[in-house]
Structure formats: structure tokens, C-alpha cells
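Participant: sequence and predicted structure below; questions after.
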Amino acid sequence: MPRFPNDGIHTRTMIKIDETSGRQAQFLETSSAGLLGQSGGPIFDINGYICALQSATVHLPLGFSPVIKQGNKEITEHQFMHVGVGAHVIEIVRFLEENAIQHTLSD
């Protein structure tokens, strides 16, 4: 169990559709934003199996913007939730098979 409950939790599965080809691809969203340089790195489940590859960080607006004071100025603070997005393992396997790349799946 993670020490921080909002760290690395699988929050939802996303389906993205290419407008030109109509091809669908499945992505996994996590509660942890990817850090600079983490794209292409594995996203593991609790058993250590790769379930996705980090591909993006998405910034979701939360719909509120509090005003804070900094010295004599009022500044609007736009609030966002930063989440990680990774290509689902189903897409990785599909890519490997379409390109005849040898691979081994876990049981």
C-alpha cells in the first residue's frame, strides 16, 4: 500500500480515437503526474507487472480559481490536477505483434 494514497493510483482507463483513421487506443490514467524524463518508463501494478508505459502528463482544470494576495497585488491562482497517462499494455502488445517483434508475456 502506498504511503500517500493519491500517489500512483490507477484512476481510470481512457479510450482515444484517431479522427482520421478511426483507430482506437487504450490508455491508463494514474493519479501521479509523470516527471520530466519519465516518458517511456514502465507503470507497474502491485505485483510488479508492467501495465502501461508513461506517455504524457495531463493538466485537468478543477473549475475554481482562488484569488490570493502577494504583497499589494491580488493574483488569480488557476487550480489544476496533474495526472499521468500511459499507453495500456494491450496497445504495447498490439504494436509488438503488428511489427513482428519477439516478446514474452507473463502468466
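Facilitator: Noted; the coordinates are in hand.

Participant: which of the residues in the helix or strand bottoming out on mean pLDDT in the chain are buried?
Facilitator: Scoring the helices and strands of the chain by mean pLDDT, DSSP states H and E places strand 42-44 at the bottom, with a mean of 86. Of the residues in strand 42-44, those buried by neighbour count under the rule 16 or more other CB atoms under 10 Å are I43. To be clear about C-beta, it is placed using only N, CA and C from the backbone, and glycine gets the same treatment.

Participant: make residue 1 into 253 and carry on from there
Facilitator: Got it, the first residue is 253 from now on, which makes the last one we talked about strand 294-296.

Participant: who touches that strand?
Facilitator: If you take CB atoms under 8 Å, 6 or more residues apart in numbering as the criterion, strand 294-296 is touched by 260, 280, 282, 302-306, 336, 338.

Participant: out of those residues, which are inside helices?
Facilitator: With DSSP state H as the criterion, helices contain none of the contacts of strand 294-296.

Participant: what's the lowest-pLDDT member of these?
Facilitator: Of all those, the model is least confident about G260, whose pLDDT is 73.

Participant: next one: that one from Q354, what distance?
Facilitator: Plainly put, G260 is 30 Å away from Q354 if you go by CB to CB, to the nearest Å.

Participant: which of those two has more neighbours?
Facilitator: Neighbours of G260 and Q354, each counted by other CB atoms under 10 Å, are more numerous for G260; the result is 15 against 5.

Participant: H330 is in contact with S317, correct?
Facilitator: Yes - in this structure S317 lies within contact range of H330 using CB atoms under 8 Å: 4.8 Å.

Participant: how close does I267 sit to P318?
Facilitator: From I267 over to P318 the distance is 34 Å, taken as CB to CB.
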